[in-house]
Each structure stands twice: as C-alpha cells, then as structure tokens.
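Asker: Kindly generate the corresponding structure for this input.
(one chain, ligands or ions: 1)
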Amino acid sequence: MVIASNLKTNLTREKTISYLMDVENFLDEIKSNQDVYVFPAQSSLNPHHGKVTQGAQNAYATKNGAFTGEIGLEQLEEFDVKTILIGHSERRHILGETQEAIAQKFNFYKTQGFKIVYCVGEPLEVREEGEDVMMKYLELQYEGIDLDYENLIIAYEPVWAIGTGKTPTLEDISKIHLKLKEKSSAPLLYGGSVKVDTALDILKCDGVDGVLVGSGALKVENFCKMIQFADELKNN
Ligand SMILES: O=C[C@H](O)COP(=O)(O)O
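Answerer: Numbering: from 1, shown residues only. Modelled structure (predicted):
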C-alpha cells in the first residue's frame with residue numbers, strides 16, 4: 001500500500017530531517033515493505049536516501065527561469081527529488097491553480113519521468129448536487145491528464161474533508177473509489193482527515209490502495225502507526 005504524509009507548511013528543515021529519520025528507523029524495525037512517501041515544505045527539502053521517498057509538494061513547470069517564488073526541476077534535482085504532488089486542493093482552491101496550469105505541470109513532470117501523485121476532489125456544494133454532478137466534476141479534474149501514465153498515483157481528497165475532521169462514510173469512500181477506478185488503474189489513495197483511529201478502517205475499504213495524510217501525520221508516531229496498519233492488513 002501507499003502511505004503518504006503531506007507536511008504542508010509545517011516543520012522546519014531540522015524537524016523534517018528528524019521526522020524522516022524516525023520513519024526510516026521504524027520501517028527498519030518492523031521490516032515494512034509499504035510504499036512510504038513524505039512531502040516536506042519546499043524549504044525543508046534535503047537529500048534523502050532510504051526506504052522513504054521524499055517528494056515535492058509543488059514545483060513550477062520549468063527547469064529554471066524567472067518565476068518568482070517558485071522552484072523548478074533544477075531545484076528538485078539538487079535534492080534528488082523525483083516525485084511530485086500535483087493538483088492538491090489547496091493549490092487549486094487557495095492558490096487558484098487552473099486545470100490548464102495543472103495539466104501543464106503534469107505534462108512537464110511526466111516528460112521528466114517523475115512519479116506523480118495527482119489529487120482530485122470535490123467541494124461540499126458539488127457533493128450536495130448528487131453523485132452524477134460530483135463524478136462529472138471529478139472527471140473535469142482529469143482534463144489534460146494522462147491517466148495511463150505508468151508513474152501515476154491518484155489521490156481522491158474531498159475538499160470538504162481536508163483539515164476539517166469530517167470524512168465521507170466508509171461506504172461512500174469505497175463507492176467513489178470504485179467509480180474512479182473505472183477511469184484509471186493507477187493506485188488510488190484516500191485523503192481528507194485521515195487520523196490514526198480511522199486509518200485502519202479506511203485502508204480496509206474496497207478500492208483504497210493507501211492514504212495521503214496531512215494533519216493526522218504531523219506527529220511521526222501517528223504516521224508510523226498508519227504504516228503498521230497497512231503492514232498488518234497485508235499480512236492478514
Ligand atoms: O494532502 C493531504 C490532504 O490535504 C489531507 O489533509 P488532512 O489530513 O489534514 O485533512
């Protein structure tokens with residue numbers, strides 16, 4: 001399974017290094033074979049080699065250039081980062097990234113062979129319109145995206161569940177995941193208020209290949225427990 005931690009705008013470089021080290025030690029200790037990803041804040045990226053894959057939360061679709069406040073391929077290469085999160089709801093809804101800009105970013109990093117964790121999700125007002133409207137909304141977030149890309153992981157993250165403590169029911173998670181799986185065979189993660197006490201049930205859902213966790217993974221011991229849950233499921 002894929003167990004991923006998005007640290008968002010949290011943890012300094014020093015704390016991130018210690019976080020990664022704690023996860024590596026835990027993976028060694030329990031001899032875990034899960035695919036574990038950590039996405040640190042940009043300024044906390046550091047060369048990291050181990051079982052954990054370090055990814056970027058964002059980067060511009062460029063090698064380098066005049067894009068104030070952004071980083072590009074050259075800055076990621078410095079830290080051997082070959083994994084990137086694209087289409088996260090905070091970038092879509094807070095930072096105003098359009099589907100066109102997202103698709104451009106996707107295609108640029110696809111050309112570079114990056115592993116791409118591509119996020120989709122609907123706001124509450126769309127969900128309240130019913131399943132058909134919601135699925136159409138999610139499909140629009142696939143516009144310009146190669147769903148057959150071999151290095152693709154998709155994360156379904158309902159916007160209204162992110163950072164709110166609210167989650168869809170387990171039945172709804174399964175239902176939506178199974179529908180999304182009709183469109184792509186890429187591993188499909190669930191994200192949105194996954195906590196240590198809900199992770200196991202979510203990981204057990206049909207159609208769920210892993211989780212992308214924000215606030216619930218900020219404490220490294222909680223993130224490690226989620227990795228352990230995935231291990232236990234695999235061994236059952
Ligand atoms: O990328 C992670 C998601 O935005 C979920 O964040 P959250 O676990 O804090 O709700």
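
Asker: what pLDDT does the residue in the chain that the ligand sits nearest to get?
Answerer: At 2.5 Å from the ligand, Gly214 is the closest residue in the chain, using C-beta to the nearest ligand atom. (Each C-beta comes from the backbone N, C-alpha and C, glycine too.) Listed pLDDT for Gly214 reads 98.

Asker: so what's the residue lying closest to it once chain neighbours are set aside up against?
Answerer: Nearest residue to Gly214, sequence neighbours excluded (C-beta to C-beta, 6 or more residues apart in numbering): Asn6, at 5.0 Å. By C-beta atoms under 8 Å, 6 or more residues apart in numbering, the contact list for Asn6 reads 39, 57, 85, 88, 191, 212-214, 217.

Asker: Just give me the longest helix of this protein.
Answerer: helix 13-30 (DSSP state H).

Asker: what angle do the following helix or strand past that helix and helix 13-30 make?
Answerer: Per DSSP states H and E, the first helix or strand lying C-terminal to helix 13-30 is strand 35-39. Orientation check (axes from the mean of the first three to the mean of the last three C-alpha atoms, to 10 degrees): strand 35-39 against helix 13-30 gives 170 degrees.

Asker: gap between strand 35-39 and the chain center?
Answerer: Chain-centre distance of strand 35-39: 9 Å, with C-alpha atoms, centre = their mean, to the nearest Å.

Asker: Need the residues that contact it.
Answerer: With C-beta under 8 Å, 6+ apart as the criterion, strand 35-39 contacts 1-7, 16, 19-20, 23, 27, 51-57, 83, 85, 117, 210, 227.
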